[in-house]
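Curious how this folds, go ahead:
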Amino acid sequence: MSTKVITGEVRLSFVHLIEPAEDLNGNLKYSCMALIPKSDTATITALENAQEAAINDAINKKFDGKRPAKLKYTLRDADEELDLDKYPEAKGHMFMNVSNKTRPGIVDANLQQVLDPSEVYSGVYARLSVNAFAYNAQGSKGVTFFLNNVMVLGKGEPLAGGATAEDDFSAFANALL
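All right, here's what the predicted structure looks like:
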């Protein structure tokens with residue numbers, strides 16, 4: 001079983017793919033959250049299988065020859081773990097946060113390199129290439145995914161939150177001073 005997965009169409013949030021952002025430990029990483037529709041059972045199954053492959057590979061290398069009773073998983077259910085009032089776009093999705101210290105390759109649907117930040121933002125639809133990786137560090141054991149590459153598929157409404165300038169000032173449109 002492979003630890004590498006190419007996802008179906010996902011929606012990206014908390015996007016830091018063109019420029020890295022500092023993580024909680026102060027490390028610079030390229031990262032995003034992938035929102036995976038629960039209806040995309042092929043992607044979810046592939047991700048779950050990759051997690052199992054990574055765990056099985058790590059049993060002798062990192063887990064002292066046995067599967068740990070408690071593991072942390074990056075792939076989780078948004079309906080159970082996220083505040084859907086704050087993140088309504090996550091309803092009906094699985095989600096995972098993926099990252100890498102190395103900048104991912106980013107292409108469009110025509111395999112043309114994407115470097116413009118306005119094309120890679122929170123809300124865009126994409127396909128991801130990820131690898132599952134089991135870890136045992138500082139008393140924490142689990143499985144996560146490294147981000148390899150991104151294919152931007154199509155524009156989605158930005159998830160930046162807050163109102164647009166048009167929304168804020170619509171009552172004043174065409175008003176004379």
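
so what pLDDT did T41 get?
T41 is assigned a predicted lDDT (pLDDT) of 97.

Buried ones in the top helix by length along the chain, by neighbour count?
If you go by DSSP state H, the chain has its longest helix at helix 41-61. The neighbour-count check on helix 41-61 (16 or more other C-beta atoms under 10 Å) flags T43, I44, A46, L47, A50, Q51, E52, A53, A54, I55, A58 as buried. All C-beta spots, glycine's among them, are computed from the backbone N, C-alpha and C.

can I get those residues in a markdown table with distance to S118?
Listed next are those as a markdown table, based on distance: C-beta to C-beta, whole Å:
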| residue | distance to S118 |
| --- | --- |
| T43 | 27 |
| I44 | 30 |
| A46 | 30 |
| L47 | 29 |
| A50 | 32 |
| Q51 | 34 |
| E52 | 38 |
| A53 | 37 |
| A54 | 35 |
| I55 | 39 |
| A58 | 39 |
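
what's the following helix or strand after the helix or strand containing V107?
V107 is part of strand 105-108, with elements assigned from DSSP states H and E. Scanning forward in sequence from strand 105-108 by DSSP H and E, the next helix or strand is strand 125-137.

Sheet partners, orientation included, of that next one?
Partner strands and pairing direction for strand 125-137 (DSSP bridges) are strand 4-6 (antiparallel), strand 10-22 (antiparallel), strand 140-154 (antiparallel).

What average pLDDT does that strand get?
95.

before we move on, back to that, so which of the buried residues of helix 41-61 comes closest to A90?
Ranked by distance to A90 (C-beta to C-beta), the buried residues of helix 41-61 are led by I44 at 14.6 Å.

ok so, going back, which one of the buried residues of helix 41-61 sits closest to S140?
A58 (13.2 Å).

which residues touch the closest residue in space to that closest one that isn't next to it in sequence?
Spatial nearest neighbour of A58, excluding adjacent residues (C-beta to C-beta, 6 or more residues apart in numbering): A134 at 3.5 Å. For A134, the contacting residues are A54, I55, D57, A58, K62, F63, K141, G142, V143, by C-beta atoms under 8 Å, 6 or more residues apart in numbering.
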